[in-house]
Structure formats: C-alpha cells, structure tokens
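Asker: Sharing a model that was predicted from the sequence below.
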Amino acid sequence: MKISVDTGSCVSSGQCVLLAPGTFDQDEEDGTVVLLAEEPSDGEEAVRQAELTCPAAAIRLSGT
Ligand code: SF4
C-alpha cells in the first residue's frame with residue numbers, strides 16, 4: 001500500500017492524525033496534512049479508516 005495526500009484539498013480537520021498519528025501529521029502553521037510515511041506505519045486498517053473518514057477525500061491509497 002502506498003499513501004499519497006492532496007494538501008490542496010485538505011481542510012485541516014485532523015481526523016487522519018487522530019486515527020494514524022505515525023503516518024499523518026498537521027502543518028504547524030495552517031493545519032494541512034503532512035505525510036510522515038508513504039507506507040502505513042500505523043497498520044493498514046488505521047490508514048484505511050483515515051482515508052474513509054477524511055472529509056475532503058484528500059487521502060489516496062494505491063496498491064491495495
Ligand atoms: S483527515 Fe483529510 S482533511 Fe483532515 S487533516 Fe487529514 S487529510 Fe486533511
């Protein structure tokens with residue numbers, strides 16, 4: 001599984017950070033998503049939940 005994020009679509013809700021804090025972080029200035037790892041370090045299920053929960057559909061998973 002490869003993870004990518006669209007920072008232009010991100011609305012800084014922070015759901016992904018709550019669900020998978022080892023994979024996602026938020027920018028200190030504007031809260032947009034920061035991808036910490038292209039491979040899921042929190043387990044694939046946590047990253048899938050983050051993708052499903054993201055209100056902006058800004059998280060993309062490939063190779064699943
Ligand atoms: S859940 Fe989506 S909108 Fe919220 S911070 Fe993460 S990528 Fe951005």
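Answerer: Looks like it arrived, so ask away.
Asker: List the buried residues in the longest helix along the chain.
Answerer: When the chain is parsed with DSSP state H, its longest helix is helix 44-53. In terms of neighbour count (16 or more other C-beta atoms under 10 Å), helix 44-53 has its buried residues at 46-51. Every residue, glycine included, has its C-beta placed from N, CA and C.
Asker: This structure against the ligand: which residues are in contact?
Answerer: Within the chain, the residues that sit near the ligand (C-beta under 6 Å from any ligand atom) are 5, 10-16, 24, 26, 33, 54-56, 58-59.
Asker: Quick check: of the residues you listed, which lies closest to residue 40?
Answerer: residue 24 (10.1 Å; C-beta to C-beta).
Asker: bridging residues for that closest one?
Answerer: residue 35 (DSSP bridges).
Asker: That one against residue 33, yeah?
Answerer: Yes. At 5.7 Å, residue 24 counts as touching residue 33 under the criterion of C-beta atoms under 8 Å.
Asker: Now do the shared contacts for the two.
Answerer: 5, 16-17, 59 (C-beta atoms under 8 Å, 6 or more residues apart in numbering).
Asker: Show me which of the residues you listed is closest to the ligand.
Answerer: residue 16 (3.3 Å; C-beta to the nearest ligand atom).
Asker: That closest one: neighbour count?
Answerer: Residue 16: 27 surrounding residues under other C-beta atoms under 10 Å.
Asker: Confirm it sits in a helix?
Answerer: Yes. Secondary structure of residue 16 (DSSP: H, G, I helix; E, B strand; the rest coil): part of a helix.
Asker: That one touches residue 31, doesn't it?
Answerer: No. Counting by C-beta under 8 Å, residue 16 stays clear of residue 31, with 11.4 Å between them.
Asker: thinking again about what came up before, of the shared contacts of residue 24 and residue 33, buried ones?
Answerer: By 16+ other C-beta under 10 Å, those give 5, 16-17, 59 as buried.
Asker: The residues you listed into a markdown table, with extra columns for pLDDT?
Answerer: Below are these laid out as a markdown table (pLDDT from 0 to 100):
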| residue | pLDDT |
| --- | --- |
| 5 | 98 |
| 16 | 98 |
| 17 | 97 |
| 59 | 98 |
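Asker: Thanks again, I'm all set now.
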